[in-house]
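In: Generate coordinates for the sequence data below:
(3 chains)
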Amino acid sequence: MTTTIWWLRRDLRLTDNQTLHAALAPAEQVIPLFIIDPTLLASPYVGEKRLAFLWANLRQLDHELQARGSRLIVRIGSPLTVLTEFLAESGASAIYAEADFSPYARRRDEAIQQTLPLQLISSLSLRHPNEVLKSNGAPYTVFTPYSRAWQALPPPDSLLPAPSRIITPTHLASDPLPTEPTLSPHLPFPPGEAEAQRRLQTFIEISIDDYAEQRDLMAMAGTSQLSPYLRFGLISARHMMTLAYQARAQATTDEARRGAQTWLNELIWREFYLAILYHFPHVRTRSFQPHFDQIIWNNDATMFAAWCQGKTGYPVVDAAMRQLLQSGWMHNRARMIVASFLVKDLLIDWRWGERWFMQHLLDGDPAANNGGWQWTAGVGTDAAPYFRVFNPILQSQKFDPDGHYLRHWLPELAHVAAKFIHTPWQMDLAEQRRAACLIGMDYPQPIIDHALARQRVLAVYGAAKKSPSPPPLAQKARGDKRLPRPLGEGRGEGDKS
DNA sequence: TGAAATGTTGGGGCG
DNA sequence: ACGCCCCAACATTTC
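Out: Take a look at the predicted model:
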């Protein structure tokens, strides 16, 4: 009797699961095993919203497995220790897991492979980072040529169906999941792969045709809102890409074709940043472009707190930050706006914002989040040029013209007139009374003047660009030292994987 | 996947 | 009719 272990990490699904498929192929029995790694739990990149989402999905997956004659085993401990014991206990012949590309995950898996029969299957991204390389074998560092090369590869293979039956030994004990606050019912992300597939289907049927035009409007449901599900593999990247290709092929108008292509591009951005983290693991802690580690940040803790809590006085920033706090998700356009505001207006180290996002986003992923932050900060691969500074007022007017998004997340602005919704500080006292919103009382005065902030950041970035890079060692020490530790950063490495 | 500053053009008001 | 000014509107350059 051959038994194998399906070690789940971020592929919590039965449909189109190449790892499960590989684990089933040689075996009569498969043991689905999830390991809670205390190192990851202690990481400053982990927050309770994403953990609760994870636990909820593990429970859901357990139900799905039980319906197929199996169940999910959960164990707590260091993966190497747990797997070593578990192999002996179960008599399994091999372990199958989906390859992960964060530095921590790669170190962990390589160490385990030294002693245990661990097979890694690449399906986190449709293309493995080594599949998309320049003709000289070097990785791409600019998105557009990467994307071209990516799309020149053959379209995705057909999807694997969920197995109808999985046989699992019954005598194995499971640790209970740690108790974590459950997702409150109003969080708009119910767990489960069925929910993920439903959303994907709805998006393809209703929204993808207008995606190119609608995706930037923050008040609209113009995006797929699938990121939390993709983050934990409740749906495969291949599944999403397959439908994107289909939608593009079946589009009957230019606009619909453009919608499908634009959505596909977003998925390719994810592949790009996974590849960047794989090939350039130093971006986890430092700027891709070393001379930008010379920036003298202002790093004002009070300003940072105002940003975190959504109390900057700029409605579009505050609405977005409260959406994040309350729902565990933020519209992509809003992510760029608040990131630009933190880094360029407040002149706060992008890594502070990166960490806050990781702590609160259900979809928080080390590669995509890091890539996004370095892009906005202008310090990364193919980054926005440093002098590109978002104007929060113009962005607000452009992408939430009616202020629906602002009013929804900022109830204190509910009665502010349309004329002042993007700039409530411009209301005179009579207007403030009429709107039942006193600036400085009910809603903050802006914590910074954008025009001045813009001049400041241009000067500071310009100086960093000119100053010579120090040798790598000195540079690393300085960068680490400058990271704040008020939130209990225990160890140097903290990828959530 | 910007925005501000600066330059250019052309229509209309007006002496 | 003409020149001058003003200033949108658009284009280009700069940060």
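In: Can you give me the neighbour number for residue A:93?
Out: Residue A:93: 14 surrounding residues under other C-beta atoms under 10 Å. In short, each C-beta sits where N, CA and C put it, glycine included.
In: From residue A:329, how far off is it?
Out: The spacing between residue A:93 and residue A:329, counted by C-beta to C-beta, to the nearest Å, is 41 Å.
In: Give the helix, strand or coil label for residue A:120.
Out: strand (DSSP: H, G, I helix; E, B strand; the rest coil).
In: is the helix ranked longest in chain A up against DNA strand B anywhere?
Out: Longest helix of chain A, by residue count under DSSP state H: helix A:254-279. Yes. Interface with DNA strand B: helix A:254-279 contributes A:266, A:269 (C-beta under 7 Å from any atom of the strand).
In: can you list the residues of chain A near DNA strand C?
Out: Going by C-beta under 7 Å from any atom of the strand, the residues of chain A near DNA strand C are A:385, A:387, A:388, A:458, A:462.
In: neighbouring contacts of the helix or strand harbouring residue A:318?
Out: According to DSSP states H and E, residue A:318 maps onto helix A:315-327. Residues from elsewhere that reach helix A:315-327 (C-beta atoms under 8 Å, 6 or more residues apart in numbering): A:187-189, A:218, A:307-312, A:329-331, A:334-335, A:337-338, A:341, A:357, A:360-361, A:392-393, A:395-396, A:400, A:403, A:405-406, A:408-410, A:413, A:421-422, A:424.
In: Can you tell me which of these are buried?
Out: A:187, A:189, A:218, A:307-308, A:310-312, A:329-331, A:334-335, A:337-338, A:341, A:357, A:360-361, A:392, A:395-396, A:400, A:403, A:405-406, A:408-410, A:413, A:421-422, A:424 (16 or more other C-beta atoms under 10 Å).
In: Tell me which of those residues fall in helices.
Out: Those of the buried ones among the contacts of helix A:315-327 mapping onto helices are A:307-308, A:334-335, A:337-338, A:357, A:360, A:392, A:395-396, A:405-406, A:408-409, per DSSP H.
In: What's the separation between residue A:68 and DNA strand C?
Out: 57 Å (C-beta to the nearest atom of the strand, to the nearest Å).
In: what about that residue, neighbour count?
Out: Count around residue A:68 with other C-beta under 10 Å applied: 15.
In: what's the answer for residue A:394, then?
Out: 12.
In: Tell me who's in contact with it.
Out: Contact partners of residue A:394, counting by C-beta under 8 Å, 6+ apart, are absent.
In: Remind me which helix or strand residue A:30 belongs to.
Out: Residue A:30 belongs to strand A:29-36 when assigned by DSSP H and E.
In: outside of that strand, which residues touch it?
Out: Residues outside strand A:29-36 that contact it (C-beta under 8 Å, 6+ apart) are A:1-9, A:20, A:23-24, A:58, A:61, A:65, A:70-77, A:79, A:82-83, A:86, A:90, A:92, A:166-169, A:172, A:175, A:177-178.
In: Flag every residue of the stretch 151-300 of chain A that's near DNA strand B.
Out: The stretch 151-300 of chain A comes close to DNA strand B at residues A:216, A:266, A:269, as judged by C-beta under 7 Å from any atom of the strand.
In: Torsion angles phi and psi at residue A:168?
Out: Per-residue torsions, residue A:168: phi -130, psi 140 (degrees, to the nearest 10).
In: Leaving out sequence neighbours, find the closest residue to it.
Out: Nearest residue to residue A:168, sequence neighbours excluded (C-beta to C-beta, 6 or more residues apart in numbering): residue A:70, at 4.1 Å.
In: what about the one you found, neighbour count?
Out: With other C-beta under 10 Å as criterion, residue A:70 counts 23.
In: Repeat that for the one 3 residues further on.
Out: Counted with other C-beta under 10 Å, the neighbours of residue A:73 add up to 23.
In: repeat for the one 3 residues further on
Out: Applying other C-beta under 10 Å, we find 15 residues neighbouring residue A:76.
In: can I assume it is in contact with residue A:85?
Out: No. The pair residue A:76 / residue A:85 is not scored as a contact, 12.0 Å apart, by C-beta atoms under 8 Å.
In: Read off the pLDDT value for residue A:384.
Out: The model reports residue A:384 with a pLDDT of 85.
In: Repeat that for residue A:220.
Out: pLDDT, residue A:220: 84.
In: Before we go further, it is sitting in a strand, right?
Out: No. According to three-state DSSP, residue A:220 belongs to no strand; its state is coil.
In: show me what contacts it?
Out: Counting by C-beta under 8 Å, 6+ apart, residue A:220 touches residue A:214.
In: Out of the ones in helices among the buried ones among the contacts of helix A:315-327, flag the one nearest to DNA strand B.
Out: Nearest to DNA strand B out of those is residue A:395 (C-beta to the nearest atom of the strand; 4.5 Å).
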